[in-house]
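Student: Sharing a model prediction with you, sequence too.
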Amino acid sequence: MKIDARAYTEKGKPPVTVEIPITGEDDAVRESEAQPAPVVEAVKEQDSELKNKPTSENTLSMRITELETQLAEKEKTLQDARNDVLRTLAELDTFRRRKNLEGLEIRKYGAEGLLKALLPALLDLDRLVQHSESVTDTGKLVEAIAMLQGKVEKALETAGALKIAPRPSDAFDPNLHEAIGQLPSNEFLPNHVAILVEPGWLLHERLLHAAKVLVAAPETTMESEA
């Protein structure tokens with residue numbers, strides 16, 4: 001601390017400024033300047049924490065941004081799934097249309113193979129009819145008819161048909177045979193085929209026409225019934 005000491009100089013000499021240390025006040029000031037007050041330190045510490053730590057408003061903003069991002073991802077996933085469903089429906093509709101067209105084709109031209117197989121026999125039959133008047137040998141005529149029959153049967157078998165022609169003494173099968181009568185005979189076992197009247201036909205496993213037969217019956221039984 002400086003004190004003006006001009007009053008204490010000799011007369012006619014310039015004043016002299018003398019520095020007199022005052023320990024009490026200066027020390028307190030220097031101590032206050034060297035060591036900050038606790039309040040100031042606390043304020044600085046809080047200010048530093050606020051700068052380093054996000055405020056509640058910033059946290060809310062970040063959370064909203066995060067939710068918006070998740071929502072956008074979910075919407076994209078939903079849109080992709082919707083597109084997949086639409087694509088699958090379109091493919092299913094195309095498949096159904098194609099199958100409908102194929103079904104129409106099958107119903108329209110399904111008998112094409114069978115007709116192609118029958119055409120040779122039909123053409124032979126036309127020629128036979130045209131020349132039947134000039135045929136004098138009945139044996140040759142019967143032979144030609146039997147040949148045509150064989151061609152027709154072969155064509156039917158190509159289409160999946162099977163001829164049912166039980167032989168005499170074969171067991172009667174009600175699933176394939178139709179008994180149109182009984183024939184008294186001791187030559188065959190009872191309930192066995194005695195005579196084939198008309199052959200039957202199967203289409204794969206489906207019965208189209210049952211074979212008509214006469215079933216053998218014991219002569220004694222038939223006589224007692226008479």
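Tutor: Thanks, I have the structure now.
Student: what does the strand or helix carrying residue 197 contact?
Tutor: Residue 197 is part of strand 193-198, with elements assigned from DSSP states H and E. Identification of contacts with strand 193-198 by CB atoms under 8 Å, 6 or more residues apart in numbering yields 165-172, 177, 180, 183, 185, 187-188, 211-216. For the C-beta atoms, the positions are set from N, CA and C on the backbone; glycine is no exception.
Student: where do the helices sit along this structure?
Tutor: For the chain, the helices defined by DSSP state H occupy 23-34, 38-52, 56-109, 112-131, 138-158, 219-225.
Student: Now the fifth one - C-alpha only, PDB.
Tutor: Put plainly, it is helix 138-158. Output in PDB follows, covering the C-alpha atoms of helix 138-158 (Å, rounded to 0.1, in the frame of the first residue of the first chain):
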ATOM      1  CA  THR A 138     -68.300-115.500 -95.100                       C
ATOM      2  CA  GLY A 139     -65.200-116.900 -93.400                       C
ATOM      3  CA  LYS A 140     -63.100-114.100 -94.700                       C
ATOM      4  CA  LEU A 141     -65.700-111.600 -93.600                       C
ATOM      5  CA  VAL A 142     -65.800-113.000 -90.100                       C
ATOM      6  CA  GLU A 143     -62.000-112.900 -90.100                       C
ATOM      7  CA  ALA A 144     -62.000-109.300 -91.100                       C
ATOM      8  CA  ILE A 145     -64.500-108.400 -88.400                       C
ATOM      9  CA  ALA A 146     -62.400-110.200 -85.800                       C
ATOM     10  CA  MET A 147     -59.400-108.200 -86.900                       C
ATOM     11  CA  LEU A 148     -61.300-105.000 -86.500                       C
ATOM     12  CA  GLN A 149     -62.400-106.000 -83.100                       C
ATOM     13  CA  GLY A 150     -58.800-106.700 -82.100                       C
ATOM     14  CA  LYS A 151     -57.800-103.200 -83.300                       C
ATOM     15  CA  VAL A 152     -60.600-101.500 -81.300                       C
ATOM     16  CA  GLU A 153     -59.700-103.400 -78.100                       C
ATOM     17  CA  LYS A 154     -56.000-102.600 -78.500                       C
ATOM     18  CA  ALA A 155     -56.900 -98.900 -78.900                       C
ATOM     19  CA  LEU A 156     -59.100 -99.000 -75.700                       C
ATOM     20  CA  GLU A 157     -56.300-100.700 -73.800                       C
ATOM     21  CA  THR A 158     -53.900 -98.000 -74.900                       C
END
